[in-house]
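K.L.:
Sequence first, predicted coordinates after that:
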Amino acid sequence: MRAVHFGAGNIGRGFIGLILSQAGYEVIFSDVNDSLVELLQERKSYTVRLANEDQETFTVSNVTAINGKNLEDVARAVAEADLVTTAVGVNILKHIAAGIAKGIEMRIERGAAPLHIIACENAIGGSTQLKEHVYAHLSEYLRDKVDASIAFPDAAVDRIVPIQHNEDPLQVTVEPFYEWVVDESQMLEGFHRIEGIHYVKHLEPYIERKLFTVNTGHCSAAYLGYLDGFTTIQDAMANSQIASLVRHVMHETGALLIEKHGFDLAQHEQYIDKILNRFINPYLIDEVTRVGRSPIRKLSINDRLVRPALQAYELGMKPTYLAMVMAAAFLFNDQEDPEAAQIQADLRKLGVTQTITKYTNIAEDHMIHEMIKTQYEQLKQSDLS
Ligand SMILES: NC(=O)c1ccc[n+]([C@@H]2O[C@H](COP(=O)([O-])OP(=O)(O)OC[C@H]3O[C@@H](n4cnc5c(N)ncnc54)[C@H](O)[C@@H]3O)[C@@H](O)[C@H]2O)c1
Ligand SMILES: O=P(O)(O)OC[C@@H](O)[C@@H](O)[C@H](O)[C@H](O)CO
């Protein structure tokens, strides 16, 4: 069995590649990083080390790579694949769509077997988004054929994999915990079950629980930590005031998740505790600039901040702490992050009121807009201490 995985980065090598290899797949990574591709082609294996006391190490073998800039190679790999997965970043999905579409066209011409394409990104409906980008490259005639033989089941993936600073550029250090949930209601009949994947009939509770707890909490630690001058999530969470604010944010989203999806209160509290412990894993160094990266994406309407805040508001709750984190996101000024730079430029050009609306899509007269603005002015004046 052969899997083509787009994105040989941290989650690609440290999670998806590892699981697929352990499940018996030959994994062909497609990436645009030339040196990474060459190294994978040369070595055909790499190691994954667990960030815990034992530092257990796994060798992932039977892997290779193709260069994602070569459309012909990408299309051929997709045409010959038994599974396609991605972990490139949700905003990159549109850039890999042309190669996937070309590969699908070749598959259909050859009458190849049915295929699942799973986007493993931090987003609601990631595979569905990828499908839309791919379909934009297909004729109507082909779309009908593809509907019958190719499915794009949505997924939720969870494993903290920081930016790597290892001597060996292919080695990845990952937290021991992982969860990969796939929506089986969007899969083709008689599908092959992969060991390590949890199949569910309704994905929404799982993806919202993950995104609104792990990722909302994580970016809260990043944005609040950044404001207080911390470099890593571990250091930020060692500050009792930040740790307490992060817990408050997770309780706010928790109240929403419990009300909306019927999660058990005590079990959800345990889920939060476990995640807070994952954030402070002393065997990992996770930079606040990675976790806070792409603030435009994180402040967008369907992501980890605005979506739970609006849903909570609709249910009569007041998302005070979420508004605070959104305000902190507008103050995230990482010079290396183009999205942070764009927000800062808009704050100077448009002012805070219009900038909040531009990125969150929340109207000026909405209560949450006012809350973000007030918190923004307060945070701007002082640090958290
Ligand atoms: N790192 C984590 O803890 C984690 C956990 C869960 C989910 N995710 C999600 O996984 C995705 C990837 O995150 P990451 O941390 O691994 O990022 P990363 O930057 O380490 O990896 C992304 C990889 O995609 C490659 N890439 C970029 N454009 C490409 C293209 N056109 N074709 C092929 N490859 C291309 C990059 O070269 C890079 O190697 C994101 O959506 C992220 O939200 C990350
Ligand atoms: O990848 P992002 O930018 O959406 O979010 C940053 C981190 O919160 C994220 O990568 C987590 O480490 C991961 O989602 C844990 O499963």
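P.N.:
Received, thanks. Ligands and ions are numbered 1, 2, ... in the order given.
K.L.:
Going by C-alpha atoms from here, please, whenever you check contacts or count neighbours.
P.N.:
OK.
K.L.:
Checking my notes, Arg49 in a strand, right?
P.N.:
Yes - if the criterion is DSSP: H, G, I helix; E, B strand; the rest coil, then Arg49 is within a strand.
K.L.:
begin at 286 from here
P.N.:
Yep, numbering from 286; the last one is Arg334 now.
K.L.:
Just the pLDDT at the nearest residue to Leu530 once chain neighbours are set aside, thanks.
P.N.:
Of all residues not flanking Leu530 in the chain, Tyr606 sits nearest, at 7.3 Å (C-alpha to C-alpha, 6 or more residues apart in numbering). Note on Tyr606: pLDDT of 98.
K.L.:
cool, and Gln326?
P.N.:
For Gln326, pLDDT reads 98.
K.L.:
since we're on it, how many residues are nearby?
P.N.:
When neighbours are counted by other C-alpha atoms under 10 Å, Gln326 registers 16.
K.L.:
residue contacts, the spatially most central residue of the chain?
P.N.:
With distances taken as C-alpha atoms, centre = their mean, the residue of the chain nearest its centroid is Asn407 (2.2 Å). Taking C-alpha atoms under 8 Å, 6 or more residues apart in numbering as the definition of contact, the neighbours of Asn407 are 374-375, 441-442, 496.
K.L.:
Return the closest of those residues with respect to ligand 1.
P.N.:
Comparing the contacts of Asn407 against ligand 1 with C-alpha to the nearest ligand atom picks out Gly374 as the nearest, at 3.3 Å.
K.L.:
still on that earlier bit, secondary structure class for the residue nearest to Leu530?
P.N.:
Look at Tyr606: counting by three-state DSSP, its state is helix.
K.L.:
again, but for the one 3 residues further on
P.N.:
Remark: Met609 carries the secondary structure label helix [criterion: three-state DSSP].
K.L.:
which residues touch it?
P.N.:
Taking C-alpha under 8 Å, 6+ apart as the contact definition, Met609 lies against 656-657, 660-661.
K.L.:
Scan those and report the most crowded one.
P.N.:
Of the contacts of Met609, with other C-alpha under 10 Å as the count, Ile657 tops at 24 neighbours.
K.L.:
So Thr517 sits against Arg575, correct?
P.N.:
No - taking contact to mean C-alpha atoms under 8 Å, the distance of 9.2 Å between Thr517 and Arg575 leaves them out of contact.
K.L.:
Would you mind telling me which of these two has the busier surroundings?
P.N.:
When Thr517 and Arg575 are compared on other C-alpha under 10 Å, the one with more neighbours turns out to be Thr517, at 22 against 15.
K.L.:
ok, now how distant is the more buried one from ligand 1?
P.N.:
The span separating Thr517 from ligand 1 equals 14 Å under the rule C-alpha to the nearest ligand atom, to the nearest Å.
K.L.:
circling back: tell me the spacing between the residue nearest to the centre of the chain and Thr501.
P.N.:
Look at Asn407 and Thr501: by C-alpha to C-alpha, to the nearest Å, they are 11 Å apart.
K.L.:
Next: Pro454.
P.N.:
The gap separating Pro454 from Thr501 is 30 Å, by C-alpha to C-alpha.
K.L.:
out of these two, which sits in the busier spot?
P.N.:
Applying other C-alpha under 10 Å to Pro454 and Thr501 shows that Thr501 carries more neighbours, namely 24 against 12.
K.L.:
ok, the nearest residue to Gly302 once chain neighbours are set aside - contacts?
P.N.:
By the measure of C-alpha to C-alpha, 6+ apart, the closest residue to Gly302 outside its immediate chain neighbours is Val312, 6.5 Å from it. Residues counted as contacts of Val312 (C-alpha under 8 Å, 6+ apart) are 287-290, 302, 305-306, 347-349.
K.L.:
Which of those sits closest to Tyr508?
P.N.:
Taking C-alpha to C-alpha as the measure, Tyr508 sits nearest to Gly302 out of the contacts of Val312, at 30.1 Å.
K.L.:
Count the residues that sit near the closest one.
P.N.:
A count of neighbours around Gly302, defined by other C-alpha under 10 Å, yields 29.
K.L.:
what does Ala551 give?
P.N.:
One way to gauge burial is a neighbour count; for Ala551, by other C-alpha under 10 Å, it gives 9.
K.L.:
That's all I had, so thanks and see you.
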